[in-house]
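Colleague: pasting the sequence and the predicted model now:
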Amino acid sequence: GAVVSQHPSWVICKSGTSVKIECRSLDFQATTMFWYRQFPKQSLMLMATSNEGSKATYEQGVEKDKFLINHASLTLSTLTVTSAHPEDSSFYICSAKGNGELFFGEGSRLTVL
Amino acid sequence: AQSVTQPDIHITVSEGASLELRCNYSYGATPYLFWYVQSPGQGLQLLLKYFSGDTLVQGIKGFEAEFKRSQSSFNLRKPSVHWSDAAEYFCAVGAREYGNKLVFGAGTILRVKS
């Protein structure tokens, strides 16, 4: 089946630094990818829709200047958390649409100290 | 506004017993319905989905779900639970009219007693 891979799985960074998370569709092309955030013991909340070759569409309340999304190719979308702070610590999950289905990555756990 | 309700935060069942996880939705369009399972610290795995047709859907790992439009429900069932089923389960709703974005329920944590 289709596979979506995220990297890194775990990242710890200092407050004020930027962190990049990659989401790759390994065996299909994805014109659309979605980024979700999951706080501990909570559900997944959609952050933004990443469209290949165009600007991402952000959900209400998500700061586009803080969470930079780039979807430069049909198999890769990146989420950069800029000037990360402890409140940005979360589990970030991407999904990609392929073959009419949505496939989820394994998630990336960000801890900001 | 679109919303998904999973009324049970935690459910504990004995191994071998039957299971039903509840999901109700409120959606303005014809919904696509999903159930996902998440093990601790990991991503999501699709158990099953409903787009149209037969309202009783079979999924992986012996799970099934029934779409009841009149009740706006999509409950997940399994006749005999195994210890390895312990995880968190999410119901999600999407629609082509909303760009296929998914709205997730809050999740139900399943614990299995041996």
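Modeller: Sure, I can see it.
Colleague: so what strands line up beside the helix or strand hosting B:Ala65?
Modeller: Secondary structure from DSSP states H and E places B:Ala65 in strand B:64-68. According to DSSP bridges, strand B:64-68 has the following sheet partners: strand B:56-58 (antiparallel), strand B:73-78 (antiparallel).
Colleague: and those: which comes nearest A:Gly61?
Modeller: strand B:73-78 (27.1 Å; CB to CB). From N, CA and C alone the C-beta is placed, and that goes for glycine too.
Colleague: now do that closest one: distance to the chain's middle.
Modeller: For strand B:73-78, the gap between its own C-alpha mean and the chain's C-alpha mean amounts to 6 Å (CA atoms, centre = their mean, to the nearest Å).
Colleague: pull that strand out as PDB, backbone CA atoms only.
Modeller: Below are the C-alpha coordinates for strand B:73-78, written out as PDB (Å, rounded to 0.1, in the frame of the first residue of the first chain):
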ATOM      1  CA  SER B  73     -23.700   7.700  13.700                       C
ATOM      2  CA  PHE B  74     -20.900   5.500  12.500                       C
ATOM      3  CA  ASN B  75     -20.100   3.100  15.400                       C
ATOM      4  CA  LEU B  76     -17.200   0.800  15.300                       C
ATOM      5  CA  ARG B  77     -17.600  -2.800  16.500                       C
ATOM      6  CA  LYS B  78     -15.600  -5.900  17.000                       C
END
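Colleague: show me which residues of it are buried.
Modeller: The neighbour-count check on strand B:73-78 (16 or more other CB atoms under 10 Å in any protein chain shown) flags B:Ser73, B:Phe74, B:Asn75, B:Leu76, B:Lys78 as buried.
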